[in-house]
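# One predicted model, sequence on top.
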Amino acid sequence: MDAKVKRKSPAVVQLDARPEAVEIDLARTALVIVDMQHAFVSEGAYIDLKGYDIGPSREIIESIRRLIDAARQKGCKIIYFYTTHHSGDDGGGPDSVHWHKEASMAFLRENPQYKDKMLLPNTWEWDIRRKISL
C-alpha cells in the first residue's frame, strides 16, 4: 500500500488515496475483518477440501496483518466476524434460505463426515488465523 497518512487532529487522519484523499476519524472508525478463519484460508480446511486454490490467501493474510498493525498503532477498533455452525445444524431445512444460499451447509450435506468438525465454535477451522489476530 503506497498511501501516506497525514495527521490532521488527534482523532482524524488524512489518507492520501486515489482518486482523492480521504479523512478518517479514528474515534469513529473500525477495521472489520470478515471470515478470515482457517476454514476459508488454510490447507486441509473447508475451501481447500472443496478444491479451490487457497494459495492467494497467503498474500491477503499478510495485507490484512499490516492493516491490523497500522489500525492498532493508531488506536482504531478492530472487529472480527466469524462464520459459525453448531453441532446438528442443518441450515433450517429445504424451506430455509440458508439451506440454499449457504455453501458450507450444502458442503456438509454432501460430506457428512465433516458435520461435527467444520466451523464449530472453538475449533481449529472456526478460529481466526493466528497470524492475523495476534
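Cool, got the structure.
# Buried residues, the biggest helix by length in the chain. List them.
Longest helix of the chain, by residue count under DSSP state H: helix 57-73. Buried positions in helix 57-73, judged by neighbour count with 16 or more other CB atoms under 10 Å: 57, 61, 64-65, 67-68, 71. All C-beta atoms are positioned from the backbone trio N, CA, C, and that covers glycine.
# which stretches of this structure form strands?
Using DSSP state E, the strands found in the chain span residues 5-7, 12-15, 22-25, 30-34, 77-81.
# buried set for the third one?
I take that to be strand 22-25. In strand 22-25, counting by 16+ other CB under 10 Å, buried: residue 24.
# tell me the mean pLDDT for stretch 79-97?
In this model, stretch 79-97 has an average pLDDT of 81.
# Kindly check the end-to-end length of that stretch for me.
26 Å (CA to CA, to the nearest Å).
# want to throw the strands of the chain into a markdown table with distance to residue 127?
What follows is the strands of the chain, written out as a markdown table (distance: least, CB to CB, whole Å):
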| stretch | distance to residue 127 |
| --- | --- |
| strand 5-7 | 31 |
| strand 12-15 | 31 |
| strand 22-25 | 29 |
| strand 30-34 | 13 |
| strand 77-81 | 10 |
